[in-house]
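Undergrad: here is a sequence with its predicted model. Questions after.
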Amino acid sequence: ETYTVSEILKKESSIFQSVSIKGWVRTFRANRFIALNDGSTLNNIQCVVDFEKFDEDLLKRITTGAAIHVMGDLVESQGKGQKVEIQVNTLEVLGDSDPETFPIQPKKHSFEFLREQAHLRTRTSTFSAVMRLRSSLSFAIHKYFNENGFYYMHTPIITGSDAEGAGEMFRVTSLDAKNPPLNEKGHIDYTEDFFGKETNLTVSGQLEAETYAMSLGKVYTFGPTFRAENSNTSRHLAEFWMIEPEVAFMDLAGNMDLAEDFLKFVLKYILEHNLEDLTFLDTRLQNEEKTKPQAERSDMGLIDKLKFVTENNFMRLSYTEAIEILRNSKPNKKKKFKYLINEWGTDLQSEHERFLVEKHFKCPVILFDYPANIKAFYMRLNEDGKTVRAMDILFPGIGEIVGGAQREERLDVLKEKMAAIDIPEEDLWWYLDLRKYGTAVHSGFGLGFERLVMFATGMGNIRDVIPFPRTPQSAEF
Ligand code: 4AD
Ligand code: MG
């Protein structure tokens, strides 16, 4: 019978004897010990070869990266580090791997190097652990919503609306790019397009999710989103996945409760189900920390950080309160926060966010009631006429992980806000209809999936938590 390594390692050696297993060779030591991995788990199974029983030419083909099929007896291991091992009876090479050219050698490779080998990097322990965690987190996300009465909705990828109004969209067109039809003004004539108008890849499924919240009550989307922002940072991708719940009759306080409960649930889920991978990544991270100067070292390991978040309340405070704290703070001995002196109304820079989360409160922070002018048009205006019912959740080491809001449900106010930033009513007539027919308080948020995976794995660069990162100048795969 064929088993995965994960299944075999869970069994006691006495339960079954004869096993068949397929995987990729990690190492072959002393012409005797094959460390075989099939991706089902972090661990390798040790396969012990009696080299006198096998053809020398066959053994030469057992190289790092080769795919092999092993049949043998599962026995208690004599060596340290594993309970069981396989005494090999038959050995078949399914796919050779030339050790001279195979890029993933059994040694430490830099993440930069491995990024260029995105198609092979999950053959390493670190990347396979990260991707198993990514899979587990997405399962936990669906589980949470499913258990809490939410319906899963698919919102369009190709869309005519710019949900965030930030103009950071990738255009989608069926027109001949080299020779597009032009109108009298000399502009590209999108009425000639397959869609009959200018269309883009979605930046967020929120507006469409709102339509479903206003009929099914509690819904969420979980899909790819695209931003044509030319930011070359360790926290931005041009293509990323976003989770966006949207709930009718829920206000901003309810939105904060939902986000906090949800984040705690998914992190608890991986602590319960993926401890092996987490422990491995924790050790990796702690070794990396040791190479840093004492002052910059994190005093908490990965698992401690995850537990801390699941066990403690998030700090909630308004933007205005945060600005007050920042104004009175010195991030280092010499300087105060230079960007913020008397600057109510400006957006926080990531150094401010990190100061609040990592130095001041030392826990996740929910900031709410932001100045209207730095947030999207659809957010509910407060009675002060200056702030909107927005919330951002800031996480240690990550900064903004969630952005959300209570939505503007009053038709007249929404129309005014759209007019102020030149969004034509015709463009969003269906969105306005939601406010015309049975409008109600409703709220939701967007969680950047890769930022969650970064936090959960301790990886420092967002390119290393998505299988094929899309960033400026990178779309190789
Ligand atoms: O704050 P954002 O732009 O909010 C929205 O798009 C809302 N429509 C969400 C909603 O209320 N339904 O994006 C939400 C989250 C951010 O907090 C961040 O975690 C992530 O998406 N994000 C990115 N992640 C990776 N790369 C990028 N370029 C990102 N831009 C945003
Ligand atoms: Mg945001």
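TA: Perfect, I can see it now. Ligands and ions are numbered 1, 2, ... in the order given.

Undergrad: after the strand or helix carrying Phe139, next one along is what?
TA: Using DSSP states H and E, Phe139 maps to helix 125-147. Next helix or strand after helix 125-147 toward the C-terminus (DSSP H and E): strand 151-152.

Undergrad: quick check: residues of the stretch 101-250 of the chain near ligand 1?
TA: Within reach of ligand 1 by C-beta under 6 Å from any ligand atom, the stretch 101-250 of the chain has these residues: 163-164, 204, 206, 227, 229, 236-237, 240, 242, 244. The way it works is simple: take the backbone N, C-alpha and C, and place the C-beta from them, glycine included.

Undergrad: now those residues in a markdown table, with secondary structure, distance to Arg327 and neighbour count?
TA: Below are those laid out as a markdown table (DSSP: H, G, I helix; E, B strand; the rest coil; distance: C-beta to C-beta, whole Å; neighbours: other C-beta atoms under 10 Å):
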| residue | secondary structure | distance to Arg327 | neighbour count |
| --- | --- | --- | --- |
| Ala163 | coil | 33 | 26 |
| Glu164 | coil | 29 | 20 |
| Ser204 | coil | 32 | 24 |
| Gln206 | helix | 32 | 26 |
| Arg227 | coil | 31 | 21 |
| Glu229 | coil | 29 | 16 |
| His236 | coil | 28 | 18 |
| Leu237 | coil | 33 | 23 |
| Phe240 | strand | 33 | 20 |
| Met242 | strand | 33 | 22 |
| Glu244 | strand | 33 | 25 |
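
Undergrad: TSV please, covering those residues and showing pLDDT and distance to Arg29.
TA: TSV is the format used below for these (pLDDT from 0 to 100; distance: C-beta to C-beta, whole Å):
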residue	pLDDT	distance to Arg29
Ala163	79	55
Glu164	82	54
Ser204	97	51
Gln206	97	54
Arg227	95	47
Glu229	83	48
His236	94	42
Leu237	95	39
Phe240	97	41
Met242	98	45
Glu244	98	49
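
Undergrad: picking that back up, C-alpha coordinates for the helix holding Phe139, PDB please?
TA: Provided in PDB are the C-alpha atoms of helix 125-147 (Å, rounded to 0.1, in the frame of the first residue of the first chain):
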ATOM      1  CA  SER A 125      11.700  22.900   4.500                       C
ATOM      2  CA  THR A 126      11.100  26.600   5.000                       C
ATOM      3  CA  PHE A 127       9.000  27.200   1.900                       C
ATOM      4  CA  SER A 128       7.100  23.900   2.200                       C
ATOM      5  CA  ALA A 129       6.200  24.800   5.800                       C
ATOM      6  CA  VAL A 130       5.100  28.300   4.800                       C
ATOM      7  CA  MET A 131       2.900  27.000   2.000                       C
ATOM      8  CA  ARG A 132       1.300  24.300   4.200                       C
ATOM      9  CA  LEU A 133       0.500  27.100   6.700                       C
ATOM     10  CA  ARG A 134      -0.900  29.200   3.900                       C
ATOM     11  CA  SER A 135      -3.200  26.300   3.000                       C
ATOM     12  CA  SER A 136      -4.200  25.700   6.600                       C
ATOM     13  CA  LEU A 137      -5.000  29.400   7.200                       C
ATOM     14  CA  SER A 138      -7.200  29.600   4.200                       C
ATOM     15  CA  PHE A 139      -9.100  26.500   5.300                       C
ATOM     16  CA  ALA A 140      -9.500  28.100   8.800                       C
ATOM     17  CA  ILE A 141     -10.800  31.300   7.300                       C
ATOM     18  CA  HIS A 142     -13.600  29.400   5.400                       C
ATOM     19  CA  LYS A 143     -14.300  27.300   8.500                       C
ATOM     20  CA  TYR A 144     -14.700  30.400  10.700                       C
ATOM     21  CA  PHE A 145     -17.200  32.100   8.300                       C
ATOM     22  CA  ASN A 146     -19.000  28.800   7.600                       C
ATOM     23  CA  GLU A 147     -19.500  28.200  11.300                       C
END
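
Undergrad: what residues are bridge-paired with the residue of the stretch 251-400 of the chain at minimum distance from ligand 1?
TA: Of the residues in the stretch 251-400 of the chain, the one nearest ligand 1 is Glu400, at a distance of 4.6 Å by C-beta to the nearest ligand atom. With DSSP bridges as the criterion, Glu400 is bridged to Leu394.
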